[in-house]
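**Q** Fold the following.
(chains A, B, C and D)
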Protein chains: 2
Amino acid sequence: MAQMALPHPLPAEYARTVADRFRLLGDPTRLMLMDLLRDGERSVGTLAADLGCTQANASKHLGLLADGGLLIRRREGLHCFYRVADESVFELCDSVCASVLSHLDARVDALRAAATSGS
Amino acid sequence: MAQMALPHPLPAEYARTVADRFRLLGDPTRLMLMDLLRDGERSVGTLAADLGCTQANASKHLGLLADGGLLIRRREGLHCFYRVADESVFELCDSVCASVLSHLDARVDALRAAATSGS
DNA sequence: TAACTGTGTAACTGGCTGGTTATATAGTTG
DNA sequence: CAACTATATAACCAGCCAGTTACACAGTTA
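**A** Take a look at the predicted model:
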């Protein structure tokens, strides 16, 4: 919540760091994994099953998310449980979703207007 | 500001749409272009010069950002001016930056603790 | 008209990356 | 011990993508 403003001529190093985080969120599979973890921690196998993807694939994505600090890993015997490190990620996703939808609405309206005036 | 919550078992189509937007922000050059546009609209040439990149490269990235709805294009004679479509993008970036930095801080602390206890 | 300028775009290339398959590793159970 | 289970990882491949170069397309100016 407590926002930290970015320096204004944005240094390349900052840009790279922030871009890395955005790119980490820029994959549908990873977003769906994050969403499945909304309700609490889950093991790799059950996540892969729910997603209908390979265990290896789920493991790789979960590893990336954990390395990026978005997930926290907890081992317990054979199983490995992941949980979200910071719930605020979902606010981020919601905000992006709202922004994208409003943009799409505007496009639809523009197309409608063009259609009525055009032909 | 008015958040729109995502549906909870996140459908693949939603995931793809949101991921696309995140991936659009997941490039350092594009982030620096967005940052240069904080102060107001700018032409392609001046942006490329400030960034120290090719005009063609800047044009391509600006086009992608405009197609994605993050920028708005305005032609005036030979020049083409871009401006940010929605200032809330910067809150997004600030939020991500804060989150990343706090994660890095945690890593540094962990390394410090390991160093003092380890050797 | 002919140069010149600002911008977009096509073609190409090197590198990154998501997915799969197979295997390695660690823990469990008989 | 051997078989089995859950996870991670290595190797590989196909597709995407950022950057460059060259060029096409306005729009301006002489």
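**Q** Would you mind listing the buried residues in the helix ranked longest in chain A?
**A** For chain A, the longest helix by residue count, based on DSSP state H, is helix A:88-118. By neighbour count with 16 or more other C-beta atoms under 10 Å in any protein chain shown, helix A:88-118 contains the buried residues A:89, A:90, A:92, A:93, A:95, A:96, A:97, A:98, A:99, A:100, A:103. Any C-beta I mention is one placed from the backbone N, CA and C, and that applies to glycine too.
**Q** same deal with stretch A:38-51?
**A** Neighbour-count burial for stretch A:38-51 [16+ other C-beta under 10 Å]: A:42, A:44, A:47, A:48, A:51.
**Q** now do stretch A:10-26
**A** So stretch A:10-26, judged by 16+ other C-beta under 10 Å, has buried residues A:10, A:14, A:15, A:17, A:18, A:19, A:21, A:22, A:23, A:24, A:25, A:26.
**Q** Distance from that stretch to the middle of the chain?
**A** 14 Å (C-alpha atoms, centre = their mean, to the nearest Å).
**Q** Can that stretch be said to contact chain B?
**A** Yes. Stretch A:10-26 lies within reach of chain B by C-beta under 8 Å from any C-beta of the partner chain, at A:10, A:12, A:14-26.
**Q** Let me know whether that stretch sits next to DNA strand D.
**A** No. Residues of stretch A:10-26 are not located near DNA strand D by C-beta under 7 Å from any atom of the strand, the shortest gap being 8.5 Å.
**Q** for stretch A:84-102, same thing?
**A** No. Stretch A:84-102 stays clear of DNA strand D (C-beta under 7 Å from any atom of the strand), getting no nearer than 14.8 Å.
**Q** who are the neighbours in contact with the nearest residue to residue A:103 once chain neighbours are set aside?
**A** Leaving aside its chain neighbours, residue A:103 sits nearest to residue B:69 (3.5 Å; criterion: C-beta to C-beta, 6 or more residues apart in numbering or on different chains). By C-beta atoms under 8 Å, 6 or more residues apart in numbering or on different chains, the contact set of residue B:69 is A:99, A:100, A:103, A:106, A:107, B:85.
**Q** out of those residues, who's nearest residue B:112?
**A** Checking those against residue B:112 by C-beta to C-beta gives residue A:99 as the nearest, at 38.6 Å.
**Q** Can you tell me how far that closest one is from residue B:80?
**A** Residue A:99 is 24 Å from residue B:80, where distance means C-beta to C-beta, to the nearest Å.
**Q** Okay, strands next: where are they in chain A?
**A** Counting by DSSP state E, chain A has strands at residues A:42-43, A:71-76, A:79-84.
**Q** Any chance of CSV for these, columns distance to residue B:36 and mean pLDDT?
**A** Output for the strands of chain A, formatted as CSV (distance: least, C-beta to C-beta, whole Å; pLDDT from 0 to 100):
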stretch, distance to residue B:36, mean pLDDT
strand A:42-43, 42, 98
strand A:71-76, 33, 98
strand A:79-84, 33, 98
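**Q** And these: which comes nearest DNA strand C?
**A** Closest approach to DNA strand C among those is made by strand A:71-76 (7.2 Å; C-beta to the nearest atom of the strand).
**Q** Residues touching the closest one, excluding its own?
**A** By C-beta under 8 Å, 6+ apart, strand A:71-76 touches A:34, A:37, A:41, A:62, A:65, A:66, A:80, A:81, A:82, A:83, A:84, A:85.
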